[in-house]
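Asker: build me a structure from this.
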Amino acid sequence: MTNTLSINIEQLRFHWNNKNTSHPAVLDIPQWHVQQGESIFLHGPSGSGKSTLLNLIGGILSPTEGKVTLLDTDIHRLSSTQRDRFRAKNIGVIFQQFNLVPYLSVLDNIRLGQQFSGAKYDLSRIQDLCHSLNLTIDLLHQKASQLSTGQQQRVAMIRALYHRPPLIIADEPTSALDTDTRDEFIQLLLREGQQNNCTVLFVSHDKPLATHFDRSVALGEINHAV
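Answerer: Residues are numbered from 1 along each chain as shown. Below is the predicted model:
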């Protein structure tokens, strides 16, 4: 792990109605820093603002006040197009709802992510990730809609890891997995992080999983709005 900051948040405040700040802020984070290569387990009750924070870090939402710097880039100073390119190249996102295109094959879903990121096509990399997550190679040619929920979740992980992004954001990624597959999932995620000096920001309600990570952070510890 290096001393470079992957995520640097300063004086961040977020209101759902940016023009009416008289309403209580959803997030009020004076500062929060994550080192490059660090693995973070972020937890908090439903409705506490975890997904909102992830969307601010990913550049989907813009802060009412303050700054979010990723990899030395103030992403909210970028244009919408620049932000999309930055996100595709530098952030791998594993969504709770998978966000696979149901009528495309597994391989085409993975390649769609590869094309957005600008990474070179590498079938052996895809096959290695499939093997690590106990997905058979023949599944690559099936439509995403034909897969089980657990298989879809693992495909979403492969899509996020494929281009070795410096930051991975995982939003409740193990909710659809059984215990054995969940453990394999986390081991692969953290192994990829270590091998590629990748920061992993993992959000979950499953607090026992925190022992796998470098640091466990309760959102209430850094968010002064609650």
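
Asker: what residues does the lengthiest helix in the chain touch?
Answerer: Counting by DSSP state H, the longest helix found in the chain is helix 179-195. For helix 179-195, the external contacting residues (CB atoms under 8 Å, 6 or more residues apart in numbering) are 37, 39, 129, 132-134, 150, 153-154, 157, 161, 164, 168, 170, 173-174, 177, 198-200, 202, 209, 212-213. Just so you know, the C-beta spots here come from the backbone N, C-alpha and C atoms, and that holds for glycine as well.

Asker: could you list every helix and strand in contact with whatever helix or strand comes next after that helix?
Answerer: Next in sequence after helix 179-195, counting helices and strands by DSSP states H and E, comes strand 199-203. Judged by 3 or more CB pairs under 8 Å, 6 or more residues apart in numbering; DSSP states H and E, strand 199-203 is in contact with strand 5-14, strand 27-35, strand 39-43, helix 50-57, strand 167-171, helix 179-195.

Asker: of those, which is nearest T73?
Answerer: strand 5-14 (10.1 Å; CB to CB).

Asker: just how off-centre is that closest one within its chain?
Answerer: Relative to its chain's centre, strand 5-14 lies at 16 Å (CA atoms, centre = their mean, to the nearest Å).

Asker: output the below-cut-off pLDDT ranges for the protein.
Answerer: Filtered on pLDDT under 70, the chain yields the residue ranges 1-3, 18-22, 226.

Asker: for the residue positioned nearest the centre of it, list the residues it contacts.
Answerer: Centroid-nearest residue in the chain: I169, 1.3 Å away (criterion: CA atoms, centre = their mean). Counting by CB under 8 Å, 6+ apart, I169 touches L54, I57, G58, I91, G92, V93, I94, L201, V203.

Asker: quick one: which of these is most hemmed in?
Answerer: G92 (27 neighbours; other CB atoms under 10 Å).

Asker: quick check: that one touching I158?
Answerer: No. Look at G92 against I158 with CB atoms under 8 Å: they stay out of range, at 10.0 Å.

Asker: my guess is Y121 contacts I110. True?
Answerer: No. Contact criterion CB under 8 Å: Y121 and I110 do not qualify, at 9.8 Å.

Asker: what about V101, how many neighbours?
Answerer: Counted with other CB under 10 Å, V101 comes out at 12.

Asker: how close does it get to L107?
Answerer: 12 Å (CB to CB, to the nearest Å).

Asker: same check on H76?
Answerer: From H76 to L107 the distance is 35 Å (CB to CB).

Asker: ditto for Q127
Answerer: From Q127 over to L107 (counting by CB to CB), the distance is 10 Å.

Asker: compare these two (neighbour count), which wins?
Answerer: A direct count of neighbours by other CB under 10 Å for Q127 and L107 places L107 higher, at 17 against 13.
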